[in-house]
Structures are given as C-alpha cells and as structure tokens.
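> After the sequence you'll find the predicted model.
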Amino acid sequence: MPKLPRDFYERPTLTVASELLGKIFVFKNMPRMSGRIVEVEAYIGMDDPACHARFGLTKRNSVMFGPGGVTYIYFIYGMYNMLNFVTEKAGFPAACLIRAMEPLEGLEVMHKNRDTDVIMNLTNGPGKLCNAFGLTTAHSGIDMTKNVIFLEDDGYKPGKIIRTERIGIKNGRDKKWRFLIDGNKFVSKR
DNA sequence: ATAACGATCCAG
DNA sequence: TGGATCGTTATG
C-alpha cells in the first residue's frame, strides 16, 4: 500500500487533521504494528495558546518548526508520551496530536505493553496508544516518508466527522480543533 | 538554582 | 476526585 507523501502533511493543519481520520498509522517494529486513526487534535502556530510553539523555538519543540511529515513525540505528566505529526511547511510550527486509534496489527505486543486483555482499552487515549505501540521520545523527529513510521490509505471512508473543543488544556479551549469519527468506539473516554 | 505545571491515566 | 511522577520553561 502506498505511503502518504509529504504533500499530504504540508497543508493547513485543520485540513490535515480532518483527513487523518480513517488513515492507517504504521510502525515497522518487530512485528509490524498498525492502527486506524479515529481521533485527532490540531495545535497551530505561535498564536495558539495551547501549542508548544507559543514560546517560540525551544529545544523540545524544534521539530515543529521543520518540514511536515515528521513525528513529534514528547513526554508529559512524568509518565506519558504523546504522538504528533508535524504539519505545514518548514518555518510554520504546527502539529496534529493523535488521540486514539482502532488497533489493527500487532495486537499481541499491544496487550503485553498495556498489560490488559481488553482490546477497547489499548489505544483509546494519547498516552495509552504510545504505550501500546512502545513509542517514546526516542521516536521523535522520524521522517514519515521513510520506512519506519508512516501512514497508509486503504480507501476507508469515515462516516460523520465531529468537531469539538480540545481536551485537557486551559488556554485556547474555545477553539474546536478536535476531530473524531462519530460513534467510533475507540475514541478516548471523557 | 529552584519551583510550578502539564495536549494523562487509573484507582478508590 | 486526587495522586503519581519528571522534563520543560519561567523566574529570581
């Protein structure tokens, strides 16, 4: 199946966010692991008070200032990793946070990493899915046009897409920059 | 040098 | 509803 090219990512972040829904995230680990994206949030530029780029270029967020189609993974709350894809062209800092997926391949490893038998509980949250896939900050800055981490399009068409406020932030919570597939049971809990 | 806090999760 | 837990950033 063909990988999504850099052109897919280097567009307005809200466009990318909505089109990420239904795409297949692939991590060529041992074994190959994958999941269908069902919930995403957009963080856009230095003027977005919830975006890591709001303080300008720092050591942590530098990858957001580079080209689109690169992973941005950061560590938070002393124990969780968050998976993002950098969007827009180099120079404009923005990214999409992947909040939930439907697990497809590598279920055994996910169950082991998450220490649960419940499939529904594997990847239905941004911290959970990184734990399930084994993704850490060591996987930040990976070029998604290469062969380790990338997206595939199998032609799946999500049904109705819902837009809501972003979750877990204080500033900028008025913006409806969270996108999810209506009725999908792998969307994160609230 | 130090302190506050965060794009979360889970137990009780 | 609160505690875990630590890197990042701001402030003195």
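Sure, I can see it.
> ranges for the helices of chain A?
In chain A, the segments counted as helices under DSSP state H are A:6-9, A:13-20, A:107-114, A:126-133.
> want to try JSON lines for the ones you listed, with distance to residue A:149 as columns?
For the C-beta atoms, the positions are set from N, CA and C on the backbone; glycine is no exception. Below are the helices of chain A laid out as JSON lines (distance: least, C-beta to C-beta, whole Å):
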{"stretch": "helix A:6-9", "distance to residue A:149": "13"}
{"stretch": "helix A:13-20", "distance to residue A:149": "14"}
{"stretch": "helix A:107-114", "distance to residue A:149": "15"}
{"stretch": "helix A:126-133", "distance to residue A:149": "9"}
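> Can you tell me which of these is packed in deepest?
Neighbour counts (mean count of other C-beta atoms under 10 Å) averaged over each of these peak at helix A:126-133, with a mean of 23.
> ok, back up a step: which one of the helices of chain A lies nearest to residue A:26?
helix A:126-133 (10.1 Å; C-beta to C-beta).
> hmm, the closest one touching DNA strand C?
No: judged by C-beta under 7 Å from any atom of the strand, helix A:126-133 makes no contact with DNA strand C; its nearest approach is 9.5 Å.
> who does that helix touch, helix- and strand-wise?
Identification of packing neighbours for helix A:126-133 by 3 or more C-beta pairs under 8 Å, 6 or more residues apart in numbering; DSSP states H and E yields strand A:32-44, strand A:80-86, strand A:94-105, helix A:107-114.
> Next, format the ones you listed as a markdown table and append mean pLDDT and distance to DNA strand B.
Formatted as a markdown table, the helices and strands packed on helix A:126-133 follow (pLDDT from 0 to 100; distance: least, C-beta to the nearest atom of the strand, whole Å):
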| stretch | mean pLDDT | distance to DNA strand B |
| --- | --- | --- |
| strand A:32-44 | 98 | 4 |
| strand A:80-86 | 98 | 5 |
| strand A:94-105 | 98 | 3 |
| helix A:107-114 | 98 | 7 |
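> Any idea which of the helices of chain A gets closest to residue A:158?
Per C-beta to C-beta, nearest to residue A:158 of these: helix A:13-20, 9.1 Å.
> How far does the closest one sit from its chain's centre?
11 Å (C-alpha atoms, centre = their mean, to the nearest Å).
> for the record, mean pLDDT for that helix?
For helix A:13-20, mean pLDDT is 98.
> Pairing-wise in the sheet, spell out the partners of residue A:100.
Counting by DSSP bridges, residue A:100 forms beta bridges with residue A:39.
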